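S.K.: heads up, no residue letters with this:
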């Protein structure tokens, strides 16, 4: 994917039929759309990585008894005149509950810079700018 992107910015493309790299001239709007799309995908990936509870998922994978959803008791011995012997088993927290419980809130895209807004601008032919995060400075 990165080699195709590199060829794209150099004005080349891979010709599938002839199995070679051909020259191709791209319009500035096509390149701008590609940059905005790649930037948006990277932004979503970083947002996903920042919000996932990776430590909790690793803890659930390696030591499931550390994140318990509850305990279950089972009777081992029940004799008259002797103490009751029970076995306590820990019910591990399911993975979906781990993610739901320990997930951090994501910052997400600014409301005016969403995928729906991007598609709407493309459909109506409006000008598209690269995404900016809220703390970026405006020039």
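M.R.: On my side now, so go ahead. Every value quoted in this text rests on a predicted model; they were computed, and no experiment measured them.
S.K.: so which bits of the longest helix along the chain are buried?
M.R.: In the chain, ranked by residue count with DSSP state H as the criterion, the top helix is helix 28-51. Buried residues in helix 28-51, counted by 16 or more other Cβ atoms under 10 Å: 36, 40, 43. Just so you know, the C-beta spots here come from the backbone N, C-alpha and C atoms, and that holds for glycine as well.
S.K.: same deal with stretch 60-67?
M.R.: Buried residues in stretch 60-67 (16+ other Cβ under 10 Å): 60, 64, 67.
S.K.: list phi and psi for residue 7.
M.R.: phi -60, psi -40 (degrees, to the nearest 10).
S.K.: pretty sure it is touching residue 20, no?
M.R.: No. Judged on Cβ atoms under 8 Å, residue 7 makes no contact with residue 20 at a distance of 11.6 Å.
S.K.: could you dump the buried residues of helix 28-51 into TSV with distance to residue 118 added?
M.R.: Shown next, in TSV, are the buried residues of helix 28-51 (distance: Cβ to Cβ, whole Å):
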residue	distance to residue 118
36	7
40	7
43	12
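S.K.: quick revisit: let's have the buried residues of stretch 60-67 in JSON lines, adding distance to residue 82.
M.R.: Formatted as JSON lines, those follow (distance: Cβ to Cβ, whole Å):
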{"residue": "60", "distance to residue 82": "38"}
{"residue": "64", "distance to residue 82": "33"}
{"residue": "67", "distance to residue 82": "35"}
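S.K.: with pLDDT and distance to residue 27 as extra columns, can I get these in CSV?
M.R.: As requested, the buried residues of stretch 60-67 are exported to CSV (pLDDT from 0 to 100; distance: Cβ to Cβ, whole Å):
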residue, pLDDT, distance to residue 27
60, 90, 49
64, 88, 54
67, 87, 53
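S.K.: among these, which are in strands?
M.R.: Assigned to strands by DSSP state E, none of the buried residues of stretch 60-67 qualify.
S.K.: understood, closing this out.
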